[in-house]
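S.K.: I would like the atomic coordinates for the input below:
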Amino acid sequence: MKNQTTRLPLAVTLGDPAGIGPEVALRAVTRPGAHPAVLIGSPATAARARDLVAPDRKIEVVDGPEAAANVTNAIPMMPSSHSQPHPYGRISAEAGQMAYDAILVAIALAKAGRVAGMVTAPIQKEALSMAGVNYPGHTEILEHHSGIRDTGGRVAMMLANDVLRVVLVTIHVSLRDAIEQCTFEAQMRAIRLAHKGCQAFGIGNPRIAVAGLNPHAGEGGLFGREEIEVIAPAIARAREEGLDVKGPFPGDTVFMQARQGAFDVVVAQYHDQGLIPIKYMGLEKGVNVTLGLPFIRTSPDHGTAFDIAGRGVADPSSMVLAMEIAYRMAEAKRRA
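M.R.: Below you'll find the model as predicted:
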């Protein structure tokens, strides 16, 4: 019997209550034709956002996602806390803790198969740290609490829009540490997850390009030997496994080649190398997908935008797309 994933709602976290997360989440779940979803967070925070963007809608607190199907003419909400909303645009430990609590509830629901997947609104990393949450971001929280590391698994971050997909070898670390972490094993993990991630998007045999670490992909060793000693051997091994992967290519041209249709996905070596091309095309068009988890997780490709929080002007396009992609992936999973 096939998995009935898409009959379940998405768990949508509100993110940092002082940012635009609650606003874009409310806009996304109340738009015409929105997929079923249950909000996770503080009902008071959700109500404040509701008053800002959808004052004619009611919020109904439920004790689980199963009850969301019985909610009509209201927005189902599963509380992860009952704290009052924090002032807009202000970093605080309280706001960081609220955001973290919502993530943990959504992870638990996703692990138990009670939701189709989870979509997370933006969090503020400094607020997390102030709350004593020692993770640099969503990706690391998900990797730890999903349990995949207990079996030797790891995750990778894929950023995607309508013309480009990028998977990162290293994520939230300093550039110095990223260079040290660009190992053969890390290359193989990213390449394999890029292949599986594209298949989750419905691409049967994805064409993978791997970016070099150094300028001009090392220029034959003149600007560094990582391409020769680490990256190229990993590409050769992946090809032996049957994957369609090429490179290493210079980082300043490979994304343009992918955008022109030569590749389905680019494996980038470090955070900014991969995210700048995606974000340059527009934050409203990008979606973050966490690969390697036992459940589906997506998020908008923008931050908390404290400077405009509470003004009712935040663009929900990326959050809407994150929900759409999560359901697309859930449908592909159901059919598999």
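S.K.: who's in contact with the nearest residue to residue 29 once chain neighbours are set aside?
M.R.: Residue nearest to residue 29 in three dimensions, not counting chain neighbours: residue 37, with 4.7 Å by CB to CB, 6 or more residues apart in numbering. Quick note: C-beta positions are derived from backbone N, CA and C, even for glycine. With contacts defined as CB atoms under 8 Å, 6 or more residues apart in numbering, the neighbours of residue 37 are 9-12, 28-29, 68, 76, 119, 323.
S.K.: give me that answer again for 10 Å
M.R.: When contacts are counted by CB atoms under 10 Å, 6 or more residues apart in numbering, residue 37 touches 9-12, 25, 28-30, 65, 68, 75-76, 115-116, 119, 323, 326-327.
S.K.: do the same with residue 166
M.R.: For residue 166, the contacting residues are 157-160, 194, 209, 211, 254-255, 258, 265-268, 273-278, 286, taking CB under 10 Å, 6+ apart as the criterion.
S.K.: Filter the residues you listed down to the buried ones, ChimeraX style.
M.R.: Buried residues among these (16 or more other CB atoms under 10 Å), as a ChimeraX selection:
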select :157,158,159,160,194,209,211,254,255,258,265,266,267,268,273,274,275,277,278,286
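S.K.: Return the subset of the contacts of residue 166 lying in strands.
M.R.: Residues of the contacts of residue 166 located in strands (DSSP state E): 157-160, 209, 211, 265-268.
S.K.: Just the buried ones among the contacts of residue 37, please.
M.R.: Buried members of these, counted by 16+ other CB under 10 Å: 9-12, 25, 28-30, 65, 68, 75-76, 115-116, 119, 323, 326-327.
S.K.: which residues of the stretch 151-300 of the chain fall in helices?
M.R.: For the stretch 151-300 of the chain, the helices defined by DSSP state H, counting those that start in this stretch occupy 175-181, 184-200, 226, 232-240, 254-259, 271-280.
S.K.: Comparing the ones you listed by mean pLDDT, which bottoms out?
M.R.: Here the lowest mean pLDDT among the helices of the stretch 151-300 of the chain goes to helix 271-280, at a mean of 90.
S.K.: which helices and strands does that helix pack with?
M.R.: When contacts are defined as 3 or more CB pairs under 10 Å, 6 or more residues apart in numbering; DSSP states H and E, helix 271-280 packs onto strand 156-160, strand 165-168, helix 175-181, helix 254-259, strand 265-268, strand 287-291.
S.K.: Could you check the angle that helix makes with strand 287-291?
M.R.: Following axes from the mean of the first three to the mean of the last three CA atoms, to 10 degrees, one obtains 140 degrees for the angle between helix 271-280 and strand 287-291.
S.K.: check contacts around residue 190.
M.R.: The neighbourhood of residue 190, defined by CB under 10 Å, 6+ apart, consists of 154, 156-158, 167-170, 182, 197, 208, 210, 234, 238, 267-269, 291-292.
S.K.: what about the closest residue in space to it that isn't next to it in sequence, distance to residue 194?
M.R.: What sits nearest to residue 190 in space, not counting adjacent residues and going by CB to CB, 6+ apart, is residue 169, at 4.5 Å. Here the distance between residue 169 and residue 194 works out to 10 Å (CB to CB, to the nearest Å).
S.K.: same deal with residue 46?
M.R.: Residue 46 is 36 Å from residue 194, by CB to CB.
S.K.: can you check residue 301 too?
M.R.: As defined by CB to CB, residue 301 lies at a distance of 17 Å from residue 194.
S.K.: same question, residue 127
M.R.: As for residue 127, its distance to residue 194 is 31 Å (criterion: CB to CB).
S.K.: Quick check, central residue of the protein?
M.R.: Central residue of the chain (CA atoms, centre = their mean): residue 288, 3.2 Å from the mean position.
S.K.: rewinding a little: will you turn the helices and strands packed on helix 271-280 into JSON lines that also has distance to residue 219?
M.R.: Rendered in JSON lines, the data for those read as follows (distance: least, CB to CB, whole Å):
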{"stretch": "strand 156-160", "distance to residue 219": "27"}
{"stretch": "strand 165-168", "distance to residue 219": "23"}
{"stretch": "helix 175-181", "distance to residue 219": "17"}
{"stretch": "helix 254-259", "distance to residue 219": "15"}
{"stretch": "strand 265-268", "distance to residue 219": "19"}
{"stretch": "strand 287-291", "distance to residue 219": "31"}
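S.K.: For residue 56, which of these is the nearest?
M.R.: strand 287-291 (28.4 Å; CB to CB).
S.K.: burial measure for residue 187, as a count.
M.R.: Burial measure for residue 187: 26 neighbouring residues, criterion other CB atoms under 10 Å.
S.K.: Not counting its neighbours along the chain, what's nearest it?
M.R.: Of all residues beyond its chain neighbours, the one nearest residue 187 is residue 234 (3.5 Å), with distances taken as CB to CB, 6+ apart.
S.K.: got the residue ranges for the strands in the stretch 1-150 of the chain?
M.R.: Secondary structure of the stretch 1-150 of the chain (DSSP state E, counting those that start in this stretch): strands at 10-13, 37-41, 58-61, 74-79, 117-120.
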